[in-house]
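# Sequence unavailable; structure follows:
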């Protein structure tokens, strides 16, 4: 009897261990999807507020994908979150994808949300007439971000270097108020900070992304392991995005009101911010992922931007630019 009881106990332990391993042992995610939410980070930018439209109008739910949006009021914090694996995907610019890629962090852009077309700008005091007038003046923007790149590009186009100005490293959240209060002569800002600085700080646009079309593509960037383990869910997210863009076409007032609420601005100002970007359709995405020798091509833009940033020791070598992009998802959407 004692031996029998021991055998029964052993069998019970085996069954319990098998049940436990079945419930939560393996971390491998099936390609078809998972109940675990995919986390997408976003920051203050007109095009990225559309993720709230996708979520709140039920397009993630429609496509059967579990997504958690994570808000980062400071953009650079979202970049760090993606690089360190704290989120699965981030809404970020192409130029800000290059530095982690050069350090061997596996990232891939799967979607172009929009292109900045005036949404990033050098806002200056009214007295300045050109970039050259900023020589010796105090100019603020955040080191290593896309608006830092815009500033360096503007200076380069005018035969100047960063050493020609009094550069102050400041997040966009601080650079806007600093300009409004008169602590800087100019600040490099994106929407909605840009519009507020022009209005409240009585500023003017001295140089913007309109002067450099195609330089600033805004992307959805995933970690490689998420694309590898959950490609079906990534596809559903891309499909949900384009559904939201279609919804926006016929429900603009409602959509703008929803997004303006999240942006903590008025619908009028949010609409003004939207006018400074070009939202990308599925066909626009196909064009962007194609290979050409101009700024309509992501690969070309990445190569030129990386070469520019490398001269400033802001990025290292990138051996394979094609590895930065995965067009399969927008290609499937475009076929439907």
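Looks like it arrived, so ask away. Since the model is a prediction, treat every value here as computed from it, not as a measurement.
# tell me what the helix or strand hosting residue 113 is packed against?
Taking DSSP states H and E as the criterion, residue 113 maps to strand 107-116. Judged by 3 or more Cβ pairs under 8 Å, 6 or more residues apart in numbering; DSSP states H and E, the packing partners of strand 107-116 are helix 95-102, strand 217-223, helix 224-229, helix 231-250, strand 277-279, helix 282-289, helix 328-335. The C-beta positions use only the backbone N, C-alpha and C, and glycine is treated the same way.
# which element follows the helix or strand of the chain with the lowest mean pLDDT toward the C-terminus?
Across the helices and strands of the chain, the lowest-confidence element by mean pLDDT, DSSP states H and E is helix 2-24, at a mean of 36. Downstream of helix 2-24, the next assigned helix or strand under DSSP H and E is strand 38-42.
# Next, the residues that contact that following strand from outside, please.
48-49, 51, 65-72, 78, 81-82, 87-91, 220, 226, 230, 233-234, 237 (Cβ atoms under 8 Å, 6 or more residues apart in numbering).
# Narrow these to those that are buried.
Among the contacts of strand 38-42, those classed as buried by 16 or more other Cβ atoms under 10 Å are 48-49, 51, 65, 67, 69-70, 72, 78, 81-82, 87-91, 220, 226, 230, 233-234, 237.
# Just the ones in strands from these, please.
67, 69, 70, 89, 90, 91, 220 (DSSP state E).
# I'd say the fifth one and residue 81 touch.
In other words, residue 90. Yes. In terms of Cβ atoms under 8 Å, residue 90 counts as a neighbour of residue 81; the distance is 6.8 Å.
# Go ahead and name everything in contact with stretch 313-322.
Counting by Cβ under 8 Å, 6+ apart, 98-99, 101-103, 144, 299, 302-303, 306, 309-310, 324 sit against stretch 313-322.
# end-to-end on it?
This stretch, stretch 313-322, spans 22 Å end to end (Cα to Cα, to the nearest Å).
# for stretch 202-218, same thing?
End-to-end distance of stretch 202-218: 28 Å, with Cα to Cα as the criterion.
# Equivalent analysis for stretch 191-206, please.
Note: stretch 191-206 ends 15 Å apart using Cα to Cα.
# neighbouring contacts of that stretch?
By Cβ under 8 Å, 6+ apart, stretch 191-206 touches 44-46, 118-126, 128, 130-131, 134, 154, 172-173, 175-176, 179-182, 186-187, 189, 263, 265, 269-270, 272-273, 276-277.
# Repeat that for stretch 164-182.
44, 73-76, 123, 134-143, 145, 147, 155, 184, 186-190, 193-194, 196-197, 200-201, 203.
# Next, the buried residues of it.
Within stretch 164-182, the residues that count as buried by 16+ other Cβ under 10 Å are 164-165, 167-168, 170-180.
# No more questions from me, cheers.
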